[in-house]
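>>> Okay, predicted coordinates and the sequence, questions at the end:
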Amino acid sequence: MNISEIGNKIFYAGVNNRTTELFEELWPIPNGVSYNSYVVVGDKVALIDTVPACYCIKFLNRIAAIIGDRPIDYLIINHMEPDHSGAIQIIRQKYPNIKIVGNNKTADMIAGYYGITDNLLIIKENDSIDLGAGKSLRFFLTPMVHWPETMMTYLESDAFIFSGDAFGCYGALNGGIVDSDMNTDHYIPEMYRYYSNIVAKYGNMVQAALKKTAPLHIEYICPTHGPVWHDRAAEVVNLYDRMSRFEAEPGVVIAYGSMYGNTEEIVDIIASELTKAGIRNVIIHNLSHSHISQVLADVIRYKGLIIGGPTYSNSLFPPVDALMKALRLRDIRNRSIAFFGSYTWAPAVTKRIEAELEHLKVDVVASPFNMKQAGDSDVDEAARIMARTMAPMVL
Ligand SMILES: Cc1cc2nc3c(=O)[nH]c(=O)nc-3n(C[C@H](O)[C@H](O)[C@H](O)COP(=O)(O)O)c2cc1C
Ligand SMILES: [Fe+2]
Ligand SMILES: [Fe+2]
């Protein structure tokens, strides 16, 4: 059994999932995902978060390899989502005297999910638990990053923070646990995707959490998914700070639908004109083919968004409709937006997109236009004007 000591008496006890196709039954994970759990050993032993129920046996064996026959004194629950709380019942069976540590919102969920109402230790903001041997855990409540009960656990003596889903990303851990031991470049795009898919709506709450952790001395960030951040800790904190403020990089995402290629022709004209105007990041997503998880990642990453699509049964072409719903679900803000539509007998797209955008704090920066059937020189010119109008706003 592999044992990874990632700090002084701080061990990794998590598991990899390389079989599930869709995380949360929604988000593709071609490179897998890890569910991270950690063991901190002082005079007393604390286990921080668990794994999905299907990995229970592996998990128990892993813990036994770390602590042998010693009991676990505390199980810290930073997050109750079942990918992290799934092994609570079996942990209680093996360690009947374990104290489960959470806040009052955790208590409600642990009763509802697992019928557990005893041996709970309910903590409040800034409470701490002394494990002895110089190790003490302090708790910071970080609601809605990503559920109401979410909290972070800080091990001051070693400057470790156990951050729950915050700073997490898709991607299994392939040998290394800490970023210093491996090339982590491929995890960074997966952090955009993970954040935009799962956390994005709660930007304000992420900001509140970052304010709480800012004064702490942190050397190691231990999230519940993906690598432990040490060398790149400042970089990922900065990335979370920017994403949660909806700050973005220069560039434009063009997200479109097209059944017969006429709308797509306009997309190519806009993209070419954006490039002529100096935009170096032009990302085009055909919404019938790109997965929405990647479209959202790019919307979070870049300043500009252009949406186009055909009228469909007096409404939006369904993949464009799905994008509009996904943007609303995440309260996407601070983006420069433009849009256009196509139709054959009665246009509906631009009005529908306009109505959807009214719910979002975004700037519509260019006049929408409609193409009847196929393009002509007027439509081509409207497309070029749209690109030239947007370009200076997203540089
Ligand atoms: C199932 C279906 C429903 C459509 N509904 C409408 C409609 O309600 N109003 C309209 O003007 N055009 C409608 N159209 C025509 C399309 O909007 C038109 O083919 C499209 O704008 C052409 O762009 P494209 O080549 O990019 O697909 C419909 C087409 C299909 C296939
Ligand atoms: Fe979660
Ligand atoms: Fe999670």
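Received, thanks. Ligands and ions are numbered 1, 2, ... in the order given.
>>> so what's Val15 bridging to?
Tyr35 (DSSP bridges).
>>> I'd say Leu26 and Asn197 touch.
Yes. Counting by C-beta atoms under 8 Å, Leu26 touches Asn197, with 7.4 Å between them. Backbone N, C-alpha and C define where each C-beta goes, glycine included.
>>> what is in contact with these two at once?
Common neighbours of Leu26 and Asn197, using C-beta atoms under 8 Å, 6 or more residues apart in numbering, are Ser293.
>>> More neighbours: the two, which one.
Asn197 (23 against 11; other C-beta atoms under 10 Å).
>>> would that one count as being in a helix?
Yes. Counting by DSSP: H, G, I helix; E, B strand; the rest coil, Asn197 is found in a helix.
>>> Could you report the separation of it from ligand 3?
11 Å (C-beta to the ion, to the nearest Å).
>>> and Glu356, what element?
Take DSSP states H and E as the rule and Glu356 turns out to sit in helix 349-357.
>>> Mind giving me the packing neighbours of that helix?
Helix 349-357 sits against strand 302-312, strand 315-316, helix 318-329, strand 336-343, strand 369-372, with contacts defined as 3 or more C-beta pairs under 8 Å, 6 or more residues apart in numbering; DSSP states H and E.
>>> can you give me the mean pLDDT across the shortest one?
With pLDDT averaged residue by residue, strand 315-316 scores 98.
>>> contacting residues for the residue nearest the centre of the chain?
Nearest to the geometric centre of the chain sits Tyr195, at 2.0 Å (C-alpha atoms, centre = their mean). Neighbour list for Tyr195: 240, 243, 300 [criterion: C-beta under 8 Å, 6+ apart].
>>> do you know how far the residue lying closest to the second one once chain neighbours are set aside is from Ile122?
Computed as C-beta to C-beta, 6 or more residues apart in numbering, the closest residue to Met243 that is not its neighbour in sequence is Tyr195, at 5.2 Å. Taken as C-beta to C-beta, to the nearest Å, the spacing of Tyr195 relative to Ile122 amounts to 30 Å.
>>> Ile254 now?
50 Å.
>>> Give me the more crowded residue out of these two.
Neighbours of Ile254 and Ile122, each counted by other C-beta under 10 Å, are more numerous for Ile254; the result is 23 against 13.
>>> Render the CA-only coordinates of stretch 168-179 in PDB, please.
C-alpha atoms of stretch 168-179 as PDB (Å, rounded to 0.1, in the frame of the first residue of the first chain):
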ATOM      1  CA  GLY A 168      -9.700  21.900  -6.600                       C
ATOM      2  CA  CYS A 169      -9.700  20.700 -10.200                       C
ATOM      3  CA  TYR A 170     -10.500  17.600 -12.300                       C
ATOM      4  CA  GLY A 171      -7.700  15.200 -13.100                       C
ATOM      5  CA  ALA A 172      -6.500  12.000 -11.200                       C
ATOM      6  CA  LEU A 173      -3.200  12.200  -9.300                       C
ATOM      7  CA  ASN A 174      -0.700  10.100 -11.300                       C
ATOM      8  CA  GLY A 175       2.100   9.400  -8.800                       C
ATOM      9  CA  GLY A 176       2.700  12.800  -7.300                       C
ATOM     10  CA  ILE A 177       0.400  14.400  -4.700                       C
ATOM     11  CA  VAL A 178       2.200  17.800  -4.100                       C
ATOM     12  CA  ASP A 179       2.700  20.000  -7.100                       C
END
